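Q: Sharing a sequence plus its predicted fold:
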Amino acid sequence: MEFEPVIGLEIHAQLKTNTKIFCGCSTSFGAPPNTHTCPVCLGMPGVLPVLNKKVVEYTIRMAIATNCKVERRSRWARKNYFYPDLPKGYQISQYELPVAQFGYIDIETDGSRKRIGITRIHMEEDAGKLTHDPDRPFSMVDFNRTGVPLIEIVSEPDIRSPEEAGAYLRQLHSIVRYIGISDGNMEEGSFRCDANISIRPKGAERLGTRSELKNLNSFKHVEKALYYEINRQKEIIIDGGRVVQETRLWNPDKNITTSMRSKEEAHDYRYFPDPDLLPLVVDNEWIDALKKTLPELPDRKKNRFISEFNLPSSDAEIMSSSRELADYFEECIKEFPKPKQVSNWIMGELLGLLNAEGKTIDRSPISSSNLARLLKLIDKGIISGKIAKTVFEDMANTGRHPEEIVEKKGLVQVTDVSAIEEVVSQILADNLKEVEGYRKGKKKLIGFFVGQVMKETKGKANPKIVNEILKDKLAE
């Protein structure tokens, strides 16, 4: 029997506000435990929450960016459950009337596009964080994160493979960062994902029993966990068993999922309208004003890079993967208008350097202007591509302009034909056996001769001129 996975993702993005959703406590990460708290976020008797307007603004921006309908009227609800990291005994969220519904984004996998529906986007407050003592049977709770504003983005069960899940997740991650509402830091928990997964016989309409996967803190973990869970459920059904509805944890060390608890249903949380908060009413003028503030989104930017700059789709996808990288690319081609050469150097040398040093593009030691100046030197034949890599390393280490490095180190490319001819003649005279082999048909030896000339000239000889002279002399 052939099975089909049915996947839906629930993504929590922490909003990049200075203060919490219902109080004035700081949302900054890394403070000492329980220092960013107050009677409101700790749920003390007699306190009242006050809604942070910036949270609503950011949520509406995300709703517009994902083609959702922004509801004029939405309502706050209490989600009731007991857990030590939830000081009030309930979480303020939205249930029957969320702020945004019925959206979608388009993803691309294996060269084909697919539309993934978004059921809803709603606002809620985060819970605290438990730290478990490895040596003693104790757990400690830090309430700094309690009340930090989140949006939850719930997809339709339209995803049919781990690759599609990864593409959808990356696209949403890119959008929240493009529009500036979240830093998207998965390691710090600013962008978290839960996955609902079931399988069914291919062609069937009825959904199978689903598992919810938690502890997915990277794109790679989401895909690997889904692959594991699909195979686990297949084996259970093939062996005549029955998949149990439950919440499972992904163990990245063992590459397995393990049972955590039985899966809750909505009625288990006893949702009811929050009596301390009025319904949220949003006017059309505000929505229209926010629409005008949105930047060009990643999907549209990628398509423009393909049409305007004639970039391959793979290059355009990388160049548009973050707003900062896209800006760097466009700044560079303003000074050196050869997009493919720019993208090659960014994807190769620059991103290789940044990845090795654990830096992002906004902390690049090489400015877009300096990279453009380096590419101009190559284009004008002043330095070779090989020498350019040496200059690039120096630029990264010192911050100096490429022209200054080339001048001080005497790296200007040799283009004097007579000087190169002299070196070529000496190389051929010293390697008569290889010359004979080339003339007998071993044409790949041209690479050997070029290498020898470049070695003798310390990489300064113009490769094009070297090749032309070599072929002329070898043909004599």
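A: Noted; the coordinates are in hand.

Q: what residues go with each domain of this protein?
A: Domain assignment of the chain by automatic domain parsing yields the ranges 3-289, 298-409, 417-474.

Q: Quick one: name whatever helix or strand follows the helix of greatest length in the chain.
A: The longest helix of the chain (DSSP state H) is helix 219-238. Downstream of helix 219-238, the first helix or strand assigned by DSSP states H and E is strand 246-251.

Q: so how far is that following strand from its chain's centroid?
A: Put simply, strand 246-251 sits 24 Å off its chain's centre (CA atoms, centre = their mean, to the nearest Å).

Q: Give me the residue ranges of this protein where confidence is low.
A: 263-264, 266, 413-416, 476 (pLDDT under 70).

Q: can you give me the strands for the stretch 101-250 of the chain?
A: All strands of the stretch 101-250 of the chain, identified by DSSP state E, counting those that start in this stretch, fall at 112-125, 129-132, 139-142, 149-155, 191-201, 211-216, 246-251.

Q: from those strands, which stretch is densest packed?
A: Sort the strands of the stretch 101-250 of the chain by mean neighbour count, taking mean count of other CB atoms under 10 Å, and strand 149-155 sits at the top with a mean of 23. C-beta: built from backbone N, CA, C; applies to glycine.

Q: for that one, packing partners?
A: strand 3-14, helix 53-65, strand 112-125 (3 or more CB pairs under 8 Å, 6 or more residues apart in numbering; DSSP states H and E).

Q: quick one on the thing from earlier: same for the longest helix of the chain, what does it pack against?
A: Helices and strands touching helix 219-238, by 3+ CB pairs under 8 Å, 6+ apart, are strand 3-14, helix 162-178, strand 191-201, strand 211-216, strand 246-251, strand 256-262.

Q: Show me what counts as buried in it.
A: 219, 221-226, 228-230, 232-233, 237 (16 or more other CB atoms under 10 Å).

Q: Go ahead and measure how far it is from the middle of the chain.
A: Distance of helix 219-238 from its chain centroid, counting by CA atoms, centre = their mean, is 23 Å.

Q: Can I get it in PDB? Just the C-alpha atoms.
A: Extracted in PDB, the C-alpha atoms of helix 219-238 (Å, rounded to 0.1, in the frame of the first residue of the first chain):
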ATOM      1  CA  PHE A 219      14.700  23.700   9.600                       C
ATOM      2  CA  LYS A 220      16.800  20.600   9.400                       C
ATOM      3  CA  HIS A 221      15.200  19.100  12.500                       C
ATOM      4  CA  VAL A 222      11.700  19.700  11.200                       C
ATOM      5  CA  GLU A 223      12.400  17.800   8.000                       C
ATOM      6  CA  LYS A 224      14.200  14.900   9.800                       C
ATOM      7  CA  ALA A 225      11.500  14.600  12.400                       C
ATOM      8  CA  LEU A 226       8.800  14.400   9.800                       C
ATOM      9  CA  TYR A 227      10.700  11.800   7.800                       C
ATOM     10  CA  TYR A 228      11.100   9.700  11.000                       C
ATOM     11  CA  GLU A 229       7.400  10.100  12.000                       C
ATOM     12  CA  ILE A 230       6.100   9.200   8.500                       C
ATOM     13  CA  ASN A 231       8.100   6.000   8.600                       C
ATOM     14  CA  ARG A 232       7.100   5.200  12.200                       C
ATOM     15  CA  GLN A 233       3.400   5.500  11.400                       C
ATOM     16  CA  LYS A 234       3.800   3.500   8.200                       C
ATOM     17  CA  GLU A 235       5.400   0.600  10.100                       C
ATOM     18  CA  ILE A 236       2.600   0.700  12.800                       C
ATOM     19  CA  ILE A 237      -0.100   0.400  10.100                       C
ATOM     20  CA  ILE A 238       1.600  -2.200   8.000                       C
END
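
Q: Let me see the residues that make contact with that helix.
A: By CB atoms under 8 Å, 6 or more residues apart in numbering, the list of residues contacting helix 219-238 from outside reads 1, 3, 5, 7, 9, 162-163, 165-166, 169-170, 173, 193, 195, 197-199, 208, 211, 213, 215-216, 242-243, 248, 250, 252, 255-257.

Q: quick check: angle from it to strand 211-216?
A: Inter-element angle recorded for helix 219-238 and strand 211-216: 150 degrees (by axes from the mean of the first three to the mean of the last three CA atoms, to 10 degrees).

Q: got the angle between helix 219-238 and strand 3-14?
A: Counting by the same axes, to 10 degrees, helix 219-238 lies at 140 degrees to strand 3-14.

Q: Give me the angle between helix 219-238 and strand 256-262.
A: Using the same axes, to 10 degrees, helix 219-238 lies at 80 degrees relative to strand 256-262.

Q: which parts of stretch 297-313 are buried?
A: L297, P298, D299, K301, K302, R304, F305, I306, F309, L311.

Q: Inside helices: which ones of the residues you listed?
A: Those of the buried residues of stretch 297-313 lying in helices (DSSP H): P298, D299, K301, K302, R304, F305, I306, F309.

Q: Same list (those) but as a markdown table, adding distance to T59.
A: Listed next are these as a markdown table, based on distance: CB to CB, whole Å:
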| residue | distance to T59 |
| --- | --- |
| P298 | 19 |
| D299 | 20 |
| K301 | 23 |
| K302 | 25 |
| R304 | 27 |
| F305 | 29 |
| I306 | 31 |
| F309 | 34 |
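
Q: from the residues you listed, which is closest to D472?
A: Taking CB to CB as the measure, D472 sits nearest to F309 out of those, at 37.7 Å.

Q: from memory the closest one sits against I333, does it?
A: Yes: using CB atoms under 8 Å, F309 is in contact with I333, at 7.1 Å.

Q: What sits closest to S93 if chain neighbours are left out?
A: Nearest non-adjacent residue to S93, counting by CB to CB, 6 or more residues apart in numbering: E124, 3.7 Å away.

Q: Contacts only, for the nearest residue to I159 once chain neighbours are set aside.
A: Spatial nearest neighbour of I159, excluding adjacent residues (CB to CB, 6+ apart): I7 at 3.9 Å. With contact taken as CB under 8 Å, 6+ apart, I7 is in contact with P157, I159, R160, S161, P162, E164, A165, A195, N196, I197, L226.

Q: what about 6 Å?
A: I159, A165, I197 (CB atoms under 6 Å, 6 or more residues apart in numbering).

Q: Check E125 too.
A: E125 neighbours (CB under 6 Å, 6+ apart): I21, I92, G147.

Q: Now stretch 97-113: buried residues?
A: By neighbour count on 16+ other CB under 10 Å, the buried set for stretch 97-113 is L97, P98, V99, A100, Q101, G103, I105, I107.

Q: now that stretch, how far from the centre of its chain.
A: How far stretch 97-113 lies from its chain's middle: 17 Å, per CA atoms, centre = their mean.

Q: swap in stretch 255-274?
A: So, by CA atoms, centre = their mean, the centroid of stretch 255-274 is 28 Å from its chain's centroid.

Q: What is the end-to-end distance of that stretch?
A: 41 Å (CA to CA, to the nearest Å).

Q: Show me what it is in contact with.
A: Applying CB under 6 Å, 6+ apart, the set of residues contacting stretch 255-274 from outside is 75-81, 92, 95, 212, 228-229, 245-251.

Q: Would you format the helices and strands packed on helix 219-238 as a markdown table with distance to R439 included?
A: Below are the helices and strands packed on helix 219-238 laid out as a markdown table (distance: least, CB to CB, whole Å):
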| stretch | distance to R439 |
| --- | --- |
| strand 3-14 | 62 |
| helix 162-178 | 52 |
| strand 191-201 | 63 |
| strand 211-216 | 63 |
| strand 246-251 | 63 |
| strand 256-262 | 63 |
